[in-house]
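Peer 1: give me coordinates for this.
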Amino acid sequence: MSALVGAQLYSLRESGDRAGAFAALAAAGIDAVEPYDLSDVPGLRADAERHGLAIPSVHARDTDPATLDRVAALGAHTLVIPRSEPEDWADADGIRRVGARLAARQQQAARAGLALAYHNHYWELATLPDGRHGLDVLAASTPPEVGFQVDLYWAHVGGADVAALLERLGDRVRSVHVKDGPGDVAADQVELGHGTLPVAAVLAAAPPGAARILEIDRCAGPVLDLLARNRAALARLDEAVAA
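Peer 2: Purely as a prediction, here's the structure:
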């Protein structure tokens, strides 16, 4: 069974037509959406259901009862902590403090029946003086119940061997964010397979059941067009890996 393919709704933050965007995502063969804005939970769920889109995970920085209730009301099973600050990752002690906060949030989420995962950017993959990546330190300092949503491209930009990182994290990888680009933090992202990320090799290293969430932070043309092209490219990459 192939992994679920979704789209992170941050990609569509400038769209003024949520229902129309959801229709376009469904037409492109995308199975799910991953919200980050919980200001209209009933409308968001209704639009997703109307177009046959699941909501398996949600980005939210808080784990207070109101936020957890909103995540559950969307039908999601996983709350993804979308970031921590770069200065928290300057040394192992700071990273362990991030880990302690995540462990506490995981327990709060679990009491609400939700799993919890952490989403990386590029700074978590900087190399510490002892040679380890920061994200590896975080994994070592948190219980196995704290999962990861590995942003493949940002991990690559940060300097990681992404396939090896996925193998080290193993089944703690709940999902991956999939995008491609020239390997520069500020540059426009491009169609999968046209940037510097070895997409096929990296996806082959991800756990088979990990959802693949397409995301575009910035691009030169229409975002929906690039998301549709990336969905088609993902299908071609899957066929090449299976052959």
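
Peer 1: okay, and the helix or strand of this structure with the least pLDDT?
Peer 2: Ranked by mean pLDDT, DSSP states H and E, the weakest helix or strand in the chain is helix 223-242, scoring a mean of 89.

Peer 1: list the buried ones in that helix?
Peer 2: Within helix 223-242, the residues that count as buried by 16 or more other Cβ atoms under 10 Å are 223-224, 226-231, 233-234, 237-238. C-beta here means a position set from N, CA and C on the backbone, and glycine is covered the same way.

Peer 1: the strands in the protein, which residues?
Peer 2: 5-8, 32-34, 57-59, 78-81, 115-119, 146-151, 173-178, 211-214 (DSSP state E).

Peer 1: contact partners for the residue most central in space within the chain?
Peer 2: Taking Cα atoms, centre = their mean, the centroid of the chain lies closest to His177, which sits 3.9 Å from it. With contacts defined as Cβ atoms under 8 Å, 6 or more residues apart in numbering, His177 is in contact with 8, 119, 149-154, 213-215.

Peer 1: which of those lies closest to Val137?
Peer 2: Val150 (15.2 Å; Cβ to Cβ).

Peer 1: correct me if wrong: that closest one contacts Leu169.
Peer 2: Yes: between Val150 and Leu169 a contact is recorded at 6.9 Å, counting by Cβ atoms under 8 Å.

Peer 1: who has more neighbours, these two?
Peer 2: Comparing Val150 with Leu169 by other Cβ atoms under 10 Å, the one with more neighbours is Val150, at 30 against 19.

Peer 1: what bridges to that one?
Peer 2: Counting by DSSP bridges, Val150 forms beta bridges with Val176.

Peer 1: tell me who's in contact with the closest residue to Leu135 other than its chain neighbours.
Peer 2: Spatial nearest neighbour of Leu135, excluding adjacent residues (Cβ to Cβ, 6 or more residues apart in numbering): Glu124 at 4.5 Å. When contacts are counted by Cβ under 8 Å, 6+ apart, Glu124 touches 89, 133-135, 138, 155, 158.

Peer 1: got the residues you listed as CSV, with distance to Phe22 and pLDDT columns?
Peer 2: Putting the contacts of Glu124 into CSV (distance: Cβ to Cβ, whole Å; pLDDT from 0 to 100) gives the following:
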residue, distance to Phe22, pLDDT
Trp89, 35, 97
His133, 36, 96
Gly134, 35, 97
Leu135, 32, 98
Leu138, 34, 98
Ala155, 28, 98
Gly158, 32, 97
